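In: model the following, please.
(2 chains)
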Amino acid sequence: MFDRIVAHLRAPVRIDPAFDERVMAEIATLPALTPVRPVAAWRRLAPLAGLAVAATALVLIARPAPSTRRLQFVVDAPQAATVSLVGDFNDWDAARTPMRLLRADGPVWSAVVPLAPGRYRYAFLVNGSRWLPDSAAPAGSDDGFGAPSSVVTVSGT
Amino acid sequence: MKRVALLAVLMVATRAAAQEPRLERVDPAARAPVAALLDSARATGLSTEPLIQRALEGTTKGAPADRVIAAVRRLVADLGRAREALGPSAAPPEIEAGAAALRAGAPPSVLTQLRVARRPPLTMALAVLADLVASGVPADRAAAAVLTLASTARDADLLEFRRAVERDIALGAPPAAATAVRLDASARAARPGRP
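Out: Sure thing, here's the model as predicted:
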């Protein structure tokens, strides 16, 4: 029994001489296929995607958040040698936001600060020793610190 | 014994500075108490940033340590009351503006009413309320005005309303009268077609 099976399997296969032609004719009728190679495509796009991510990150870092507003602070301080804008937005650090003298407008000092929505206390420090409130802004509550503060509120809408 | 106590104070102050590096600028005598207040605020879910800024403000202005501590302690209490009045969903800027309104003299119930009357953020409405009261407008008049405008006015409208009232006060109008006149004008502007 075993020998007969082996002999049958070893016997050469007889194929119709027209078999190849029929197979090829069937294949020719099938629609053409586009090779799909997702990994290869991803690899082709990877450098571009990397550049896009890097560009987006640069834009996000370079630009303030959309809700941030640039506010200009001005103060009239005659005979001042230096004026600093000091407040909640710069950790009350007098060195962080020096104001610029607008010579064309007289002794008017100016600084522009980007601020996110919220309420901020601030004051002007003249010559490193004299505190001035912003006469154009509401006064902040007195905390017994011995110097005035003003407040500015930035809208979130 | 004194040395041990001094060492303990120094260690607490150093630990406080390590937790919030900006506190290194604060008077060493105020550092540990302020850090403890920050911890208690943090534990109740309050933002610590306004507290740090208040401590830095006092420090930069050369205020003595006890005044810095008192100011921060007062602000912790105000922020807590403001959050209670505004509800747990209030954002930190809203709570901070609410605390300023309470400090100015507005009752907590107005903050709660404002939360119901106006879509968030309430920061500008609360700030205008605080600023009006600080300008001399009686708290009940200021609250009534802001609540009247709250449901329809934009932030810019509220800001313009406050500026107009302050201009009138600067020109000599009594604060309550200035508020009433400007509120009436705002109501007229909101009803086009009527004289």
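
In: from here on, just use CA atoms for contacts and neighbour counts.
Out: Fine.

In: spell out which parts of chain B neighbour chain A.
Out: Listed as neighbours of chain A in chain B under the rule C-alpha under 8 Å from any C-alpha of the partner chain: B:50, B:53-54, B:56-58, B:60-64, B:67-68, B:71, B:93-94, B:96-97, B:100, B:103-104, B:121, B:123-124, B:127, B:131, B:134-135, B:155-156.

In: drop anything exposed from these.
Out: Those of the residues of chain B next to chain A that meet the buried threshold are B:50, B:53-54, B:56-58, B:60-61, B:63-64, B:67-68, B:71, B:93-94, B:96-97, B:100, B:103-104, B:121, B:123-124, B:127, B:131, B:134-135, B:155, by 16 or more other C-alpha atoms under 10 Å in any protein chain shown.

In: by mean pLDDT, flag the weakest helix or strand of chain B.
Out: The helix or strand of chain B with the poorest confidence is helix B:2-19; it has a mean of 54 (mean pLDDT, DSSP states H and E).

In: restricting to C-alpha, output the helix or strand following that one in PDB.
Out: Where DSSP states H and E defines the elements, the next helix or strand beyond helix B:2-19 is helix B:28-43. Listed next in PDB are the C-alpha coordinates belonging to helix B:28-43 (Å, rounded to 0.1, in the frame of the first residue of the first chain):
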ATOM      1  CA  PRO B  28      14.900  84.400  55.600                       C
ATOM      2  CA  ALA B  29      12.600  85.300  58.500                       C
ATOM      3  CA  ALA B  30       9.600  85.100  56.200                       C
ATOM      4  CA  ARG B  31      10.700  82.200  54.100                       C
ATOM      5  CA  ALA B  32       9.600  79.300  56.200                       C
ATOM      6  CA  PRO B  33       6.200  80.800  57.200                       C
ATOM      7  CA  VAL B  34       5.500  81.700  53.600                       C
ATOM      8  CA  ALA B  35       6.500  78.100  52.500                       C
ATOM      9  CA  ALA B  36       4.100  76.700  55.100                       C
ATOM     10  CA  LEU B  37       1.300  78.900  53.700                       C
ATOM     11  CA  LEU B  38       2.100  77.700  50.200                       C
ATOM     12  CA  ASP B  39       2.000  74.100  51.400                       C
ATOM     13  CA  SER B  40      -1.400  74.600  53.000                       C
ATOM     14  CA  ALA B  41      -2.700  76.300  49.900                       C
ATOM     15  CA  ARG B  42      -1.400  73.500  47.700                       C
ATOM     16  CA  ALA B  43      -3.000  70.900  50.000                       C
END
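
In: could I get the buried residue list for helix B:28-43?
Out: Across helix B:28-43, burial judged by 16+ other C-alpha under 10 Å covers B:28, B:30-35, B:37-39, B:41.
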